[in-house]
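Asks: sharing a sequence plus its predicted fold:
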There are 2 protein chains.
Amino acid sequence: MDGIRVFKIGGHVVDSPERLEKFVREFSVLPGPKVLVHGGGAMAGRMQRSLGMEPVMVAGRRVTDSETLKTVTMVYAGWCNKSIVALLQKYGCNAIGLSGADGRSVTARRRPPVYVESAGSVIDYGHVGDIDPEGVDAPFIMGLTGNGYTPVFCAITCDGKGSLLNTNADTVASAIAVSLSSYVPADLIYCFEKNGVLADVNDPSSLIREITPESFRKLKEEGTVADGMLPKLENAFRAIASGVRSVTIRNSDGLGNGIQTVLRK
Amino acid sequence: MDGIRVFKIGGHVVDSPERLEKFVREFSVLPGPKVLVHGGGAMAGRMQRSLGMEPVMVAGRRVTDSETLKTVTMVYAGWCNKSIVALLQKYGCNAIGLSGADGRSVTARRRPPVYVESAGSVIDYGHVGDIDPEGVDAPFIMGLTGNGYTPVFCAITCDGKGSLLNTNADTVASAIAVSLSSYVPADLIYCFEKNGVLADVNDPSSLIREITPESFRKLKEEGTVADGMLPKLENAFRAIASGVRSVTIRNSDGLGNGIQTVLRK
């Protein structure tokens, strides 16, 4: 395997002990340098409620006041990250769990209040970070993989001025892959609970195996992809335009079974 | 500065934003390779209560059932560790926050039920770990410090079989210093809220500047040190007998002011 692979697992995987252990077992034996980025949103929401907070989401992103930042840092960087690392160690994969603060590996700046169209108003997301253009330290990550370690990132970043910031896990994975691609071929793999991009959401057999920028344009025109999948694919093609070799969207189960959607230039 | 220094800060420092920032500012500018180990017990106890649990302590150690393990991992490896790392980054110290699971750097085994004299019964501490004799990966830690990073350890370890374990932070600091001392001179510095070992607990001016095994024997005979300080000093002399060059007990404030108790062979 040439290059490096950046995997992202969502809350659906992190939240299910069975799915997580199955993923970790398969991920551990994959050859070549690899990086894992994980979410944990569902667990964070539950922890907020256990602590008497009511999660506030606007356009799919969590409004993050000080107490929410503390909670998501505890859940993402604490329990999720260290549980995943311990599980990887069990399967012989020498993982190192990191936030963006560690080694200053992923820096971000706090998002200013923005007008959110779907909310129809200006939203202050609080302690939410957008990754700096040069915010990922790719040589640091490659130094770890070169020494046989597998970095495992949660979606907490830092501003370099003492503050932690809550960042979208898909974006962290994409930024890491883009940054690595300046040095080595980088492939980005989003793992979730479906087999990939489906032409018909209700028909698992309608998997679209490959999407190019041209076929994507057609899929949009026909209305085949819409809603949640649209911004995901747009972000994926942005990553490809920024240097990532391929983006794969697939099930977290059966890594290597070839059932997946691959996006290429 | 030859050798390496391992600092440990207790809950009293971690729990006070002012004390913590003061410590971090002073720690950041210390020359030479260094490692930081932190506690966070007070915050963990508060988080347990917020989540409806009642902390159970036996002989000063937390009985750790599954929910308690989750909570202490969230607090120690999540909020405390990442807040400290972000603060160190603010002051230009390139810190990497770690648990013992990360890089399999500190492994432990679950403590079997033990008879605890002060409790008068057999106690199962649950998910509590005692560090393996060869459990600290000193070359890994020196690899980080050699590349200009400052490792920051919380007191969560792992058994290599997928489980995290709650471990005493003083013990983690001591085990790391002992392990490093096989390769380089290692000094261990315990930072807390007093100036060191006091001949009279109520008189800050009664600081004992230096303790040797001989003078320690005398202090014990006279009853000058007792209670909480006794096991601390005994552990410290054990670390020295195992290779650590010196153990310093001092205030977290004013690092480098020379007001401290130094234990030597």
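Replies: Arrived safely, thanks for sending.

Asks: only C-alpha atoms for contact and neighbour calcs from this point on.
Replies: Fine.

Asks: strands along the stretch 1-150 of chain A, start to end?
Replies: A:4-9, A:34-38, A:57-58, A:61-62, A:95-98, A:106-110, A:114-116, A:121-123, A:129-136, A:150-153 (DSSP state E, counting those that start in this stretch).

Asks: residue numbers of the stretch 151-265 of chain A in contact with chain B?
Replies: Taking C-alpha under 8 Å from any C-alpha of the partner chain, the part of the stretch 151-265 of chain A that reaches chain B is made up of A:158, A:160-164.

Asks: and the strands of the stretch 1-150 of chain A as CSV, adding mean pLDDT and mean neighbour count?
Replies: Formatted as CSV, the strands of the stretch 1-150 of chain A follow (pLDDT from 0 to 100; neighbours: other C-alpha atoms under 10 Å in any protein chain shown):
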stretch, mean pLDDT, mean neighbour count
strand A:4-9, 98, 24
strand A:34-38, 98, 24
strand A:57-58, 96, 12
strand A:61-62, 94, 18
strand A:95-98, 98, 28
strand A:106-110, 98, 24
strand A:114-116, 96, 12
strand A:121-123, 97, 13
strand A:129-136, 96, 18
strand A:150-153, 98, 26
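
Asks: so which elements touch the least confident helix or strand in chain A by mean pLDDT?
Replies: Ranked by mean pLDDT, DSSP states H and E, the weakest helix or strand in chain A is helix A:11-14, scoring a mean of 90. With contacts taken as 3 or more C-alpha pairs under 8 Å, 6 or more residues apart in numbering or on different chains; DSSP states H and E, helix A:11-14 sits against helix A:17-28, helix A:41-50.

Asks: counting by contacts, list what the longest one packs against.
Replies: Which is helix A:17-28. helix A:11-14, helix A:81-90.

Asks: so what's whatever residue of chain A ends up closest to chain B up against?
Replies: With C-alpha to the nearest C-alpha as the measure, residue A:78 is the residue of chain A nearest to chain B, at 3.6 Å. Going by C-alpha atoms under 8 Å, 6 or more residues apart in numbering or on different chains, residue A:78 touches B:73-79.

Asks: now swap in residue A:86 and tell me
Replies: B:101-102, B:158, B:160-164.

Asks: ok, it to residue B:248 distance?
Replies: 33 Å (C-alpha to C-alpha, to the nearest Å).

Asks: before we move on, what about residue A:233?
Replies: 57 Å.

Asks: in space, what's closest to the residue nearest the centre of chain A - neighbours in sequence excluded?
Replies: The residue lying closest to the centre of chain A (C-alpha atoms, centre = their mean) is residue A:170, at 3.1 Å. Distance criterion C-alpha to C-alpha, 6 or more residues apart in numbering or on different chains; nearest residue to residue A:170, sequence neighbours excluded, is residue A:8 at 7.0 Å.

Asks: bridged to that neighbour, which residues?
Replies: Taking DSSP bridges, one obtains residue A:37, residue A:190 as the residues bridged to residue A:8.

Asks: which residues belonging to stretch A:160-180 are considered buried?
Replies: Going by neighbour count (16 or more other C-alpha atoms under 10 Å in any protein chain shown), the buried part of stretch A:160-180 is A:160, A:162-180.

Asks: same question for stretch A:67-79.
Replies: Applying 16+ other C-alpha under 10 Å to stretch A:67-79 flags A:68-79 as buried.

Asks: residue ranges with poor pLDDT in the stretch 101-250 of chain A?
Replies: Within the stretch 101-250 of chain A, no range satisfies pLDDT under 70.

Asks: which residues in it form helices?
Replies: A:138-146, A:169-180, A:213-222, A:229-241 (DSSP state H, counting those that start in this stretch).

Asks: surely residue A:49 touches residue A:67?
Replies: No - using C-alpha atoms under 8 Å, residue A:49 and residue A:67 do not qualify as a contacting pair, with a distance of 11.8 Å.
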